[in-house]
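Engineer: Next input, structure requested:
(chains A and B)
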Amino acid sequence: DAGVTQSPTHLIKTRGQHVTLRCSPISGHKSVSWYQQVLGQGPQFIFQYYEKEERGRGNFPDRFSARQFPNYSSELNVNALLLGDSALYLCASSLGRAGNSPLHFGNGTRLTVT
Amino acid sequence: AQRVTQPEKLLSVFKGAPVELKCNYSYSGSPELFWYVQYSRQRLQLLLRHISRESIKGFTADLNKGETSFHLKKPFAQEEDSAMYYCALFNDYKLSFGAGTTVTVRA
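Structural biologist: Numbers count the residues shown, from 1 in each chain, chains lettered A, B, ... in the order given. Below is the predicted model:
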């Protein structure tokens, strides 16, 4: 079990730029979720994708978007970066959508916006 | 709206002493609650969930609907229990996390 893999591990961007973060779920998992974790806080939900469709969206601006591919991998895109977007972005996969399918987290991508 | 509150940011205990991490929630429906743990330089991982009523690594958590609490307990803390602990509530498609409690177990 390779676990959830995320790339890149670290990223430095300038305000106004665009960023794409990538996630590969555990084999067989059809659900991918994205979370943002700001220093000192718990992870905050951004998106859930299940079977390639958006199933849920958190309270984030439209600058944040995501998609899931036929192989169930996923990308998170953030446009017009702001300093406040600096955070650890976590991807999690699960077999299903419901709470009885526990989330398995990746190591995250550390995004720094300067 | 659902909310998870962990009132303690830091908790320090001696090895062999009991440890209790507090978690309170607000949710109008029947909650699905979890404890996640992050050890140093490791990824966030599931510790236990209330529906399974299991004990993992000596930890237990009881859901108290009257007090809207889901406190995590261990009777005898070990040094390897030093970690960040998050309480989380699942609703429909997302987990809502508390701010987390950093536990340090001293020898």
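Engineer: Pairing partners for residue 20 in the sheet, please.
Structural biologist: This is for chain A. Note on residue A:20: beta-bridge partners residue A:77, judged by DSSP bridges.
Engineer: look at chain B instead
Structural biologist: residue B:73.
Engineer: so it makes contact with residue B:70?
Structural biologist: No - Residue B:20 lies out of contact with residue B:70 (CB atoms under 8 Å); the separation is 11.6 Å. Just so you know, the C-beta spots here come from the backbone N, C-alpha and C atoms, and that holds for glycine as well.
Engineer: who's more crowded, those two?
Structural biologist: residue B:70 (26 against 13; other CB atoms under 10 Å in any protein chain shown).
Engineer: So which residues make contact with the longest strand anywhere in chain B?
Structural biologist: Criterion DSSP state E: the longest strand present in chain B is strand B:83-91. Here strand B:83-91 makes contact (CB atoms under 8 Å, 6 or more residues apart in numbering or on different chains) with A:42-43, A:98-99, B:2, B:4, B:6, B:21, B:23, B:25, B:27, B:29, B:31-40, B:44, B:47, B:70, B:72, B:95-98, B:100-103.
Engineer: can you give me how far that strand is from the chain middle?
Structural biologist: Here the centre of strand B:83-91 is set off from its chain's centre by 6 Å, with CA atoms, centre = their mean, to the nearest Å.
Engineer: Direction included, what does the lowest-mean-pLDDT helix or strand in chain A pair up with?
Structural biologist: Lowest by mean pLDDT, DSSP states H and E among the helices and strands of chain A is strand A:53-57, with a mean of 93. Using DSSP bridges, strand A:53-57 pairs in its sheet with strand A:44-50 (antiparallel).
Engineer: mind checking how far residue A:90 is from residue B:19?
Structural biologist: Separation of residue A:90 from residue B:19 (CB to CB, to the nearest Å): 26 Å.
Engineer: In terms of neighbours, single out the busier of the two.
Structural biologist: Between residue A:90 and residue B:19, counted using other CB under 10 Å, residue A:90 has the larger neighbour count: 25 against 22.
Engineer: Provide a list of residues in contact with the more buried one.
Structural biologist: Taking CB under 8 Å, 6+ apart as the test, what residue A:90 contacts is A:6, A:34, A:35, A:36, A:37, A:43, A:105, A:106, A:108, B:44.
Engineer: Which members of the residues you listed are classed as buried?
Structural biologist: Buried positions within the contacts of residue A:90, assessed by neighbour count (16 or more other CB atoms under 10 Å in any protein chain shown), are A:6, A:34, A:35, A:36, A:37, A:43, A:105, A:106, A:108, B:44.
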